[in-house]
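J.: The sequence isn't on hand, but the structure is:
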């Protein structure tokens, strides 16, 4: 009788464990949403191109910041006499004329040499950024070559291919010529062209986000050229893109807030353009780009 009870209890324990494990297994196998399940994967070659063009833009913008530093803005090192603060009312020790002139001769080259050294360091940094951009453009061409075969097969037309070829050609010549402005415009054209190809893959919003990034960057570049009207017209395109973003993404409550945040940052950019404040436009552009990156990681 005891043996039967033990077998009965053991059977209940085994069945209970099976049910618990089964429930836990069901918890782990959370079904994907319909939108995510139907999402077509964007080719890795396109993702690699996006990464490289952003690396180039980062290098070019760093060059822009370095160029802003003028030699006269570089603070020369303080001399030993300047470092030693003398108490108020205390007169400096008298020195002979020969000693004073000798000190001036010694100190002057030191200041000039320091400025020259810092100027050379700045030039070396600029050159390094150009060299890195040359490496990136080579990788960009390689990734495009790997993807180009599939472009037509995946729905891309010859017009889109020609558009990418032109943008890559202009970016390459801009980097070879070390023409920063030309290269930045061409890099942004590559982003726009990438958005067209990314849009071929259903269920993704990467193409839409790339288009929003393009208008934010292009609006700043138009503003920089003093073409405020073109900058305003460009930013007006954002309404249809934000609508497309809401419709095309698998939106959750947190992501909806991020889209609202992105939309507001574009509105702030528009206001800065209306105020014709270039420094503010640059700041607002950077915020838009940052919000795009945050949203891209969440979707």
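T.: Alright, I've got the coordinates. A quick note: this is a predicted structure, and the numbers were derived from the prediction, not measured. Numbering: from 1, shown residues only.
J.: List the contacts of residue 288.
T.: If a contact means Cβ atoms under 8 Å, 6 or more residues apart in numbering, then residue 288 has 212, 213, 216, 262, 265, 266, 269 as its contacts. Bear in mind the C-beta positions are built from the backbone N, C-alpha and C, glycine included.
J.: For the closest residue to it other than its chain neighbours, what is the enclosing helix or strand?
T.: Once flanking residues are discounted, residue 288 sits nearest to residue 216: 4.2 Å by Cβ to Cβ, 6 or more residues apart in numbering. For residue 216, the element it lies in under DSSP states H and E is helix 206-224.
J.: what's downstream of that helix, the next helix or strand?
T.: helix 228-235.
J.: which residues sit against that following helix?
T.: Applying Cβ under 8 Å, 6+ apart, the contact partners of helix 228-235 are 215-216, 218-220, 222-223, 266, 269-270, 273-274, 276, 281.
J.: List buried residues within those residues.
T.: Buried members of these, scored by 16 or more other Cβ atoms under 10 Å, are 215, 216, 218, 219, 220, 222, 223, 266, 269, 270, 273, 281.
J.: Now the residue nearest the centre of the chain: which helix or strand?
T.: Against the mean C-alpha coordinate of the chain, by Cα atoms, centre = their mean, the closest residue is residue 54 at 5.4 Å. Per DSSP H and E, residue 54 falls inside helix 44-68.
J.: Name the residues of that helix that are buried.
T.: Applying 16+ other Cβ under 10 Å to helix 44-68 flags 45-46, 48-50, 52-57, 59-60, 62-63 as buried.
J.: residues contacting the residue nearest to residue 288?
T.: Here residue 216 is in contact with 235, 266, 269, 285, 288, 289, 292 (Cβ under 8 Å, 6+ apart).
J.: Tell me how far the top helix by length along the chain lies from the chain's centre.
T.: Looking across the chain with DSSP state H, the single longest helix is helix 97-151. On the basis of Cα atoms, centre = their mean, to the nearest Å, helix 97-151 sits 22 Å off its chain's mean C-alpha point.
J.: what's the average pLDDT for that helix?
T.: For helix 97-151, the mean pLDDT works out to 82.
J.: Distance check, the nearest residue to residue 172 once chain neighbours are set aside against residue 222.
T.: Spatial nearest neighbour of residue 172, excluding adjacent residues (Cβ to Cβ, 6+ apart): residue 137 at 5.5 Å. For residue 137, the distance to residue 222 equals 24 Å [Cβ to Cβ, to the nearest Å].
J.: do residue 153 as well
T.: 36 Å.
J.: where does residue 202 fall, helix, sheet strand or coil?
T.: coil (DSSP: H, G, I helix; E, B strand; the rest coil).
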